[in-house]
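J.: any chance you can model this:
(chains A and B)
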Amino acid sequence: MFKRTTGGDFARPVPRIPGPKDIRRHIAYESELDPTFGERIARKAYGEKLFSCIQCGTCSGTCPVSHYMDYTPRKIIAMIREGFRDEVLHCVTIWLCASCYACTVDCPREIKITDVMYALKQEAMSQGVYPSRFSIPVLAREFFRGVERGGRSNELPIMLRFFMKTNPLRMLQNAPVAWRLWRTGRLSLRREQTQQRDTIRTLLRAAKAEEEKAP
Amino acid sequence: MSYWYYPGCSLKSNGGPYEESLLAVFRELDTPLWELDDWNCCGATSYMSIDEAQAFSLAARNLALAEQASRQSPEKGTPQLVAPCSACFLVLTKTQRYVKQHQDLARQVHTGLRAIGLDYQGAVQVRHPLDVFVNDIGIPRIRKAMKRSLDGLKVACYYGCQVVRPFATFDSAHNPTSMDRLVEALDAKPIPWPLKTRCCGGTLTGTIRDVGLRLSQILLKDAAQRGAEVVITVCPLCQFNLECYQQEIARTFRDTPRLPVLYLTQLMGKAFGIPDAALGMRRLFVSPEPAFARHQGGQPVHA
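T.: Numbers count the residues shown, from 1 in each chain, chains lettered A, B, ... in the order given. Predicted coordinates for the structure are as follows:
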């Protein structure tokens, strides 16, 4: 999906001039839009200010990974408001966001863009709309399960399961780093966990139940 | 004043040198850190992608535990919880703020906590070690603890994203200076560095490798071009990306310098004259020793 870059300049996707067929494919009809999508996301992400976006593009400019994204953060905000639910939930942008909060700090309208990205990730995860072996949601899910089980995250089992579920060959790619971590005593085999393992599960279930009760 | 210490998962694994040096430095400064009993993972960035109420409840349990612990301790006053990992610090401060501001979320979190017999009142104060060093302990006491001057060692102070953005109140989000001031106090020379809060790639190094490595490479290359001899960080993930993946970065991008990347607390410990073994110096992948040697391992300070 991403071309390897070699030194020098950033890798920028070369813009392709669309032919008439491409344009037709990119038209979204109003009947395909979800008019409630914007409000739903705004409510979820404490984004009551989502609708005050002035499309200035500060977020896209300050984002360190926007040039790898299919839609820049500014476009995402516009698309959410207009109800392009499927396009937004299927895009790579939401998964590329590394949560550095640069956009959130710089937004002149105080939109919490990072939280909007989280809301989109939650929506995409709950609907299962991401490529099946796409690594980022898989890591999030494995992390979640690991913590639910023991209360603390243990890198080794989480990473092993993560590579098994995405691309086992990547394990080889990361083996040298793992070996060096092991040699310097920075790869712990001891399982870190909270004293009572049920505690975390009870906590999470109760919070989830209360969340689902909300209108 | 004493502090509750919330290590977080990273400091117990690949961030081991951070924990070692942090505890050693706080001991040297006569400021005890008490590890919070039975703490759990803060949820980091991954948990927030799954479910909001669960992510905030998970983090809130630690805050509730800190309050409970301080109620049982003889010391009065607002409990102080030190979170050295940037992600933990961000998640804990964010949880506090959002629970305070949003009633729905507060109800969900409180319900969760009640189910496990805990209660969170919002009394605890979450602190980053940088904040404690500069504002509580203060530069004069740090200078007093110094046994070796770092003698003009050129240091790139890398704050990373989540320490100062967006919830921290102790430093500027755009041009933080707390770490620069600390380093200056140790007689080292912080380089002026516009990239000091630029993202290192976070977990992208593990997921979309080429993007993650590239972000880290930009930082290493720029720091070296500006003459830095070492990079220091306060985040286990930043340190991991910049140091542990340095060989991989160099293999992918031709113009990658070899730069030692250590924790702020390791550098402080060096100036305090704490032995290398107690600072986890030997657990680094790129030894900072040549850089220290250029400055004769730091000139002894004659009081």
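
J.: do a quick rundown of the strands in chain B.
T.: B:3-5, B:33-35, B:80-82, B:125-127, B:148-149, B:154-158, B:189-190, B:230-233, B:261-263, B:299-300 (DSSP state E).

J.: list the neighbouring strands of the first one plus their orientation.
T.: Applying DSSP bridges to the sheet, strand B:3-5 is found paired with strand B:33-35 (parallel), strand B:80-82 (parallel).

J.: so what touches that strand?
T.: The set of residues external to strand B:3-5 that reach it, using CB atoms under 8 Å, 6 or more residues apart in numbering or on different chains, is B:26, B:31-36, B:66, B:69-70, B:79-82, B:127, B:132. (C-beta placed from N, C-alpha, C; glycine too.)

J.: go again using 6 Å as the cut-off
T.: Residues from elsewhere that reach strand B:3-5 (CB atoms under 6 Å, 6 or more residues apart in numbering or on different chains): B:33, B:34, B:35, B:36, B:66, B:80, B:81, B:82.

J.: for stretch A:145-161, same thing?
T.: Contacts to stretch A:145-161, defined as CB under 6 Å, 6+ apart, come from residues A:142, A:143, A:191, A:192, A:193, A:194, A:200, B:9, B:13, B:40, B:41.

J.: average pLDDT for that stretch?
T.: Summarised as a single mean, pLDDT over stretch A:145-161 is 82.

J.: what residues sit buried inside that stretch?
T.: For stretch A:145-161, a neighbour-count test (16 or more other CB atoms under 10 Å in any protein chain shown) marks A:146-159, A:161 as buried.

J.: now it, how far from the centre of its chain.
T.: Chain-centre distance of stretch A:145-161: 19 Å, with CA atoms, centre = their mean, to the nearest Å.

J.: show the end-to-end separation of that stretch, please.
T.: For stretch A:145-161, the first-to-last residue distance is 11 Å (CA to CA, to the nearest Å).

J.: one step back: most tightly packed of the strands paired with strand B:3-5?
T.: Burial of those is given as mean neighbour count (mean count of other CB atoms under 10 Å in any protein chain shown); strand B:80-82 ranks first at a mean of 24.

J.: center of the chain - which residue?
T.: Just so you know, I chose chain A. Closest residue to the average C-alpha location of chain A: residue A:95 at 3.1 Å, with CA atoms, centre = their mean.

J.: that's the wrong chain, I wanted chain B
T.: Residue closest to the average C-alpha location in chain B (CA atoms, centre = their mean): residue B:234, at 3.1 Å.

J.: hmm, back to that, I'd guessed the residue nearest to the centre of chain A sits against residue A:136; true?
T.: Yes - Residue A:95 lies in contact with residue A:136 (CB atoms under 6 Å); the separation is 4.2 Å.

J.: ok, the helix or strand containing the residue nearest to the centre of chain A near chain B or not?
T.: Per DSSP states H and E: residue A:95 is located in helix A:93-96. No - using CB under 6 Å from any CB of the partner chain, helix A:93-96 never reaches chain B; the gap is at least 7.0 Å.

J.: and the contacts of stretch A:123-131?
T.: Applying CB under 6 Å, 6+ apart, the external contacts of stretch A:123-131 come out as A:89, A:90, A:137, B:50.

J.: avg pLDDT for that stretch?
T.: Averaged across stretch A:123-131, the pLDDT comes to 83.

J.: what's the answer for stretch B:83-90, then?
T.: 95.

J.: try stretch A:72-80
T.: Mean predicted confidence for stretch A:72-80 is 95.

J.: output that stretch as PDB - backbone C-alpha positions only.
T.: Extracted in PDB, the C-alpha atoms of stretch A:72-80 (Å, rounded to 0.1, in the frame of the first residue of the first chain):
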ATOM      1  CA  THR A  72      -6.500  14.800   4.500                       C
ATOM      2  CA  PRO A  73      -8.000  15.600   8.000                       C
ATOM      3  CA  ARG A  74      -9.600  18.800   6.600                       C
ATOM      4  CA  LYS A  75     -11.400  16.700   4.000                       C
ATOM      5  CA  ILE A  76     -12.400  14.100   6.600                       C
ATOM      6  CA  ILE A  77     -14.200  16.800   8.600                       C
ATOM      7  CA  ALA A  78     -16.000  18.100   5.600                       C
ATOM      8  CA  MET A  79     -17.000  14.600   4.600                       C
ATOM      9  CA  ILE A  80     -18.300  13.700   8.100                       C
END
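
J.: how much space separates residue B:167 from chain A?
T.: Applying CB to the nearest CB, to the nearest Å, the value for residue B:167 to chain A is 9 Å.

J.: pLDDT below threshold where in chain A?
T.: Under the criterion pLDDT under 70, the flagged ranges of chain A are A:1-28, A:45, A:131-133, A:214-215.

J.: give me the nearest residue to the residue of chain B positioned farthest from its centre, chain neighbours excluded.
T.: Centroid-distance maximum for chain B: residue B:115 at 32.0 Å, with CA atoms, centre = their mean. Nearest non-adjacent residue to residue B:115, counting by CB to CB, 6 or more residues apart in numbering or on different chains: residue A:206, 3.6 Å away.

J.: which stretches in the stretch 151-300 of chain B count as helices?
T.: Counting by DSSP state H, counting those that start in this stretch, the stretch 151-300 of chain B has helices at residues B:178-185, B:204-207, B:209-225, B:236-239, B:246-252, B:264-271, B:289-294.
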